[in-house]
Structures are given as structure tokens and as C-alpha cells.
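A.B. asks: Fold the following, please.
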Amino acid sequence: MATSFAGVPIFDYEALASVLFFIGLAGAVARRNPLVMLMSIELMFNAANLAFIVFARAWLNNAGQIFAFLVITVAAAEAAIALAIVVIVFRSAPQVDVDDVRVLHG
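C.D. replies: This is a model prediction of the structure:
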């Protein structure tokens, strides 16, 4: 079992992944701007990718890399669809706030 990756212990990579994930979580919960929320969600996806790659390296298999590739494709689709929705919903709005979307439900 590999205990380091490029000379750095695996625990350090996992600590970095968890810090990135919680920064993304705080940004997604605390912010009201949809673009900042999308960037925070992308940061959480990238933290999960880092964890997948590190565990794949530690267990000496490619399953984590395959999952990371799938997460990247889901993140790309999510970003495209979410940005299209943000542009359509807030096209005429001078200020963008996610609480304004609540007005749209009928």
C-alpha cells in the first residue's frame, strides 16, 4: 500500500481535499449569488476528485480515476445547464439573488 504520493503523505492530500470541500460547502451555504454558489459546488466536486485520485493511488487501482472522470463529466454538464438557467432567469434582473427565484413558482 502506498503511503506517499510524490513524496507527500496521503494524509496531507486528504486533509487538503477535506479543507477544499468545506470551503466549497461554506460558500454554497453562505452566499446568495448563484454564480458564487456554482463555483463553490465545483470546488466541492474537485475536492471529491482529489480524494478519489489519492485513494486510487493508495489502493493501487484505477477505480478512483474512473470515478473522478465521471465526476468531471457530471460537473461539466451541471455547469452548462446551471449557467443557462441563471442566464435565462436573471436576464432582465439588475441584481442577481437566488431568493428571487422563489417568486417564479406558481
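
A.B. asks: Can you pull the poorly scored residue ranges out of the chain?
C.D. replies: Applying pLDDT under 70 to the chain picks out residues 1-5, 93-94, 96, 100-106.

A.B. asks: let's see it at 80
C.D. replies: Low-confidence segments of the chain, defined by pLDDT under 80: 1-6, 89-106.

A.B. asks: all helices for it, in order.
C.D. replies: Using DSSP state H, the helices of the chain run over 10-30, 34-59, 63-89.

A.B. asks: Could you look over these and pick the most buried one?
C.D. replies: Among the helices of the chain, judged by mean count of other CB atoms under 10 Å, the one packed with the most neighbours on average is helix 34-59 (a mean of 18). (C-beta placed from N, C-alpha, C; glycine too.)

A.B. asks: out of the helices of the chain, nearest to residue 99?
C.D. replies: Of all those, the one in closest proximity to residue 99, counting by CB to CB, is helix 34-59 (10.4 Å).

A.B. asks: list the helices and strands that closest one packs on?
C.D. replies: In this structure, helix 34-59 packs against strand 4-5, helix 10-30, helix 63-89, with contacts taken as 3 or more CB pairs under 8 Å, 6 or more residues apart in numbering; DSSP states H and E.

A.B. asks: before we move on, the earlier item: reformat the helices of the chain as CSV; add distance to residue 97.
C.D. replies: Listed next are the helices of the chain as CSV, based on distance: least, CB to CB, whole Å:
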stretch, distance to residue 97
helix 10-30, 14
helix 34-59, 8
helix 63-89, 11
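
A.B. asks: Any chance of a markdown table for the helices and strands packed on helix 34-59, columns distance to residue 57?
C.D. replies: Converted to a markdown table, the helices and strands packed on helix 34-59 look like this (distance: least, CB to CB, whole Å):
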| stretch | distance to residue 57 |
| --- | --- |
| strand 4-5 | 5 |
| helix 10-30 | 7 |
| helix 63-89 | 8 |
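
A.B. asks: what about those, which gets the closest to residue 38?
C.D. replies: The closest approach between residue 38 and any of the helices and strands packed on helix 34-59, judged by CB to CB, belongs to helix 63-89 at 5.4 Å.
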